[in-house]
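**Q** pasting the structure only:
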Ligand SMILES: NC(=O)C1=CN([C@@H]2O[C@H](COP(=O)(O)OP(=O)(O)OC[C@H]3O[C@@H](n4cnc5c(N)ncnc54)[C@H](OP(=O)(O)O)[C@@H]3O)[C@@H](O)[C@H]2O)C=CC1
Ligand SMILES: O=C1CO[C@H](CO)[C@@H](O)[C@@H]1O
């Protein structure tokens with residue numbers, strides 16, 4: 001019998017509970033069946049929150065993984081929290097409902113728990129700017145809630161001004177802003193703003209420069225090798241990755257780490273049996289260099305490029 005992990009939840013403005021840890025599913029490359037397998041492992045191990053997007057081209061396999069575990073009786077649909085996202089080329093108000101219906105068909109689900117505007121930028125299918133106001137897009141998002149296609153709606157990669165404008169003009173407020181947050185990009189200003197509005201900041205790329213997938217910053221990424229952080233990890237018999245995730249959770253920030261490796265999928269969930277002291281939180285923060293792993297340079301020059 002594998003260990004049972006007790007995962008905390010956070011309350012959303014839509015009055016639903018979101019598990020503080022979700023399973024990320026973005027990969028630059030994957031073998032056929034790899035997303036399905038990873039999602040199945042994640043649910044078996046105890047994840048109840050799964051993050052995907054139409055742009056990840058994996059909704060079919062993610063849905064297969066989810067539905068296989070429901071069919072086996074391991075979980076029910078209402079025990080899972082599933083997020084997907086609207087891509088930039090479907091921002092016209094009339095396109096939003098259609099796009100979510102297509103996602104649901106690929107996922108083979110009747111509803112998602114959270115639907116996010118993936119980026120504030122809008123483009124055509126060639127990536128050229130269409131300058132659609134995200135407030136127009138938001139009206140389409142609100143329609144998705146009215147139709148019961150999603151329980152809640154939110155945004156991703158919105159900057160402070162964009163989030164304030166959305167919050168002040170929305171009929172249904174955003175549940176979350178999914179943004180990059182990790183120990184080398186701590187984002188205090190945005191997290192504080194979100195908290196003032198009761199919008200939940202969700203941390204993507206939560207491992208940041210600790211992840212092996214980020215070799216590009218060699219020389220400044222002392223967080224991978226610093227002996228002080230190594231000693232802290234040893235004290236709790238955890239890895240640097242687990243310390244990073246725990247640091248975020250203790251700031252009240254849900255995390256969505258991705259892994260295709262079964263042992264790491266479990267490692268990343270195993271962060272609820274220790275607590276960092278105030279001094280240890282400060283040590284983790286001392287590695288902040290305000291380095292964005294996901295600057296989305298390809299969107300630079302578009303009207304609503306957020307960074
Ligand atoms: N809204 C947005 O614009 C964005 C959303 N996201 C979402 O956030 C999720 C997570 O972000 P992501 O960019 O994938 O980054 P993560 O911080 O989750 O890092 C993932 C990488 O770290 C490796 N890894 C996982 N666990 C460990 C561990 N315990 N120790 C060492 N290495 C580990 C994985 O390798 P391996 O798989 O080989 O085990 C993978 O290469 C995405 O999958 C996606 O769902 C991400 C970026 C942008
Ligand atoms: O969600 C996402 C997954 O990661 C990609 C690259 O890092 C991002 O561009 C994208 O927004």
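**A** Cool, got the structure. All figures in this text were calculated on a predicted structure; none of them were measured in a lab. Ligands and ions are numbered 1, 2, ... in the order given.
**Q** Next one, pLDDT for residue 1 please.
**A** Note on residue 1: pLDDT of 47.
**Q** now residue 4
**A** At residue 4, the predicted lDDT confidence score is 85.
**Q** List the contacts of the helix ranked longest in the chain.
**A** The helix that spans the most residues within the chain, counting by DSSP state H, is helix 93-107. In this structure, residues lying in contact with helix 93-107 by CB atoms under 8 Å, 6 or more residues apart in numbering are 52, 54, 59-60, 62-63, 66, 82, 84, 86-87, 90, 110-112, 115, 136-137, 139-141, 143-144, 147, 149-150. C-betas here are computed from N, CA, C, even on glycine.
**Q** Next, the angle from the following helix or strand past it to helix 93-107.
**A** Going down the chain from helix 93-107, the next helix or strand is strand 112-117, by DSSP states H and E. Relative orientation of strand 112-117 versus helix 93-107 (axes from the mean of the first three to the mean of the last three CA atoms, to 10 degrees): 140 degrees.
**Q** re earlier: which ones among the contacts of helix 93-107 map onto strands?
**A** Judged by DSSP state E, the contacts of helix 93-107 include 82, 84, 86, 112, 115, 150 as members of strands.
**Q** Can you pick out the most distant pair from those?
**A** Using CB to CB, the pair of the ones in strands among the contacts of helix 93-107 lying farthest apart is 82 and 86, separated by 14.5 Å.
**Q** how near is residue 131 to ligand 1?
**A** As defined by CB to the nearest ligand atom, to the nearest Å, residue 131 lies at a distance of 20 Å from ligand 1.
**Q** which residues sit in contact with residue 36?
**A** Taking CB under 8 Å, 6+ apart, we find residue 36 in contact with 61, 62, 64, 65, 68.
**Q** just to revisit the earlier point, which of the ones in strands among the contacts of helix 93-107 lies closest to residue 271?
**A** residue 82 (21.6 Å).
**Q** what bridges to that closest one?
**A** residue 50 (DSSP bridges).
**Q** and the stretch 101-250 of the chain, which residues reach ligand 1?
**A** Residues of the stretch 101-250 of the chain lying near ligand 1 by CB under 6 Å from any ligand atom: 118, 156-157, 178, 204-207, 211-213, 239, 241.
**Q** Show me which pair in those residues is furthest apart.
**A** Farthest-apart pair in these is 118 and 239; separation 29.9 Å (CB to CB).
**Q** So what pairs up with the residue in the chain positioned nearest to ligand 1 in the strands?
**A** The minimum distance from the chain to ligand 1, using CB to the nearest ligand atom, falls at residue 24 (2.5 Å). Under DSSP bridges, the beta-bridge partners of residue 24 are residue 51, residue 258.
**Q** one step back: and of the contacts of residue 36, the nearest to residue 193?
**A** Closest to residue 193, out of all of these and judged by CB to CB, is residue 62, at 30.7 Å.
**Q** just checking, that closest one touches residue 26?
**A** No - applying CB atoms under 8 Å, one finds residue 62 not in contact with residue 26, separated by 10.7 Å.
**Q** ok, those two, which is more surrounded?
**A** residue 62 (26 against 18; other CB atoms under 10 Å).
**Q** Now do the same contact list for the more buried one.
**A** Contacts for residue 62 (CB under 8 Å, 6+ apart) come out as 25, 35, 36, 39, 50, 52, 107.
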